[in-house]
Every structure is written in C-alpha cells, then in structure tokens.
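[1] I would like the atomic coordinates for the input below:
(one chain, ligands or ions: 2)
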Amino acid sequence: MRCSRCGLCCEETEMMLSNTDIERLEAIGYDKEKFMKYDSHSFAQLQNHQGYCVFYDVIRSVCTVYSHRPQGCRIYPVVYSEEEGVTVDDLCPEKDTVTETELRTKGRKVIRLLRRITREAVSRSAHT
Ligand code: SF4
Ligand code: SF4
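    Residues are numbered from 1 along each chain as shown. Ligands and ions are numbered 1, 2, ... in the order given. All right, here's what the predicted structure looks like:
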C-alpha cells in the first residue's frame, strides 16, 4: 500500500496493545503508565495526548517510535470489525492502495493479534 503519512490513524487512537508491544516500548525506555491504559474490559490501549497518540509528533507528522510501534499499527489499515470481519479501514485515505495479497497476509495477522490480545485481557481480568 501507499501511505501518505496523513496522521489520521494516529488521531484519537484506540489502538490495542499486546503484552509484547508494551514490553517492546518499555525496553526502549518508555514508562507504560505514560503511554497505555486499560479499558473497562482490561484491554490495553494506547493513550492520547492533545488529540493524538502519545507517540505522534504533530509538528513533524511522524510516529516517534516507528520501528518499535505496536503490531496493530503495522497491520493498519487492515482491521477486524465484528460486522465486516477482516476489512480495510474507511478512515484511511489510501485504503484503495491495499493489494489483495496485503489484505490476505495482514488479515491473518490481525486475527492472530486479536486472539492474543483477547487472551491477555481475559487473563488480566481474572487476576484483578
Ligand atoms: S491513515 Fe492511512 S495514509 Fe494516513 S498515515 Fe495512516 S496508514 Fe498512512
Ligand atoms: S504508535 Fe505510532 S503509528 Fe501507532 S498510533 Fe501511535 S503514533 Fe501512530
């Protein structure tokens, strides 16, 4: 796909995080209290600051943790919705540049990721 770096996917993000994502970001020095939160079902999510993901640099229009970004950000704009299943997010202005091959490959990844994140949230809520 082509990414125009418009930043729309980093605005008011609700991107979910796996434990591996959290550990990877902690390993490069970020305090998880400052970049993530748990929703009411114990799913880990990125925090926002002034309308954008805490890792988004609004001035330079870049992700400041690009090479360490969460898996869901790498898979985007392929997403999973309960209504449509694996799909390309309408929010992305470059959605039409996602190829069939990318959709299939990223589709498998998004399902695996969602299963893992759900297992982790269930385990977390069982231990709280
Ligand atoms: S919304 Fe799409 S085009 Fe814009 S930065 Fe995100 S992936 Fe790239
Ligand atoms: S981690 Fe990077 S790519 Fe993901 S939402 Fe935040 S700024 Fe955007």
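[2] now residue 45: which helix or strand?
    Following DSSP states H and E, the helix or strand that holds residue 45 is strand 44-46.
[3] typed the wrong thing, it's residue 23
    helix 19-27.
[4] mind listing what's buried along the next helix or strand after that helix?
    Note on helix 19-27: by DSSP H and E, the next helix or strand toward the C-terminus is helix 32-35. For helix 32-35, burial by neighbour count (16 or more other CB atoms under 10 Å) applies to residue 35. Quick note: C-beta positions are derived from backbone N, CA and C, even for glycine.
[5] quick check: mean pLDDT across helix 32-35?
    The predicted model gives helix 32-35 an average pLDDT of 97.
[6] likewise for stretch 108-123?
    pLDDT averaged over stretch 108-123 gives 97.
[7] got it, and stretch 1-9?
    94.
[8] quick one: buried residues of it?
    Buried, per 16+ other CB under 10 Å, within stretch 1-9: 1, 9.
[9] just to revisit the earlier point, what helices or strands is the strand holding residue 45 leaning on?
    Packing partners of strand 44-46 (3 or more CB pairs under 8 Å, 6 or more residues apart in numbering; DSSP states H and E): helix 19-27, strand 36-38, helix 100-126.
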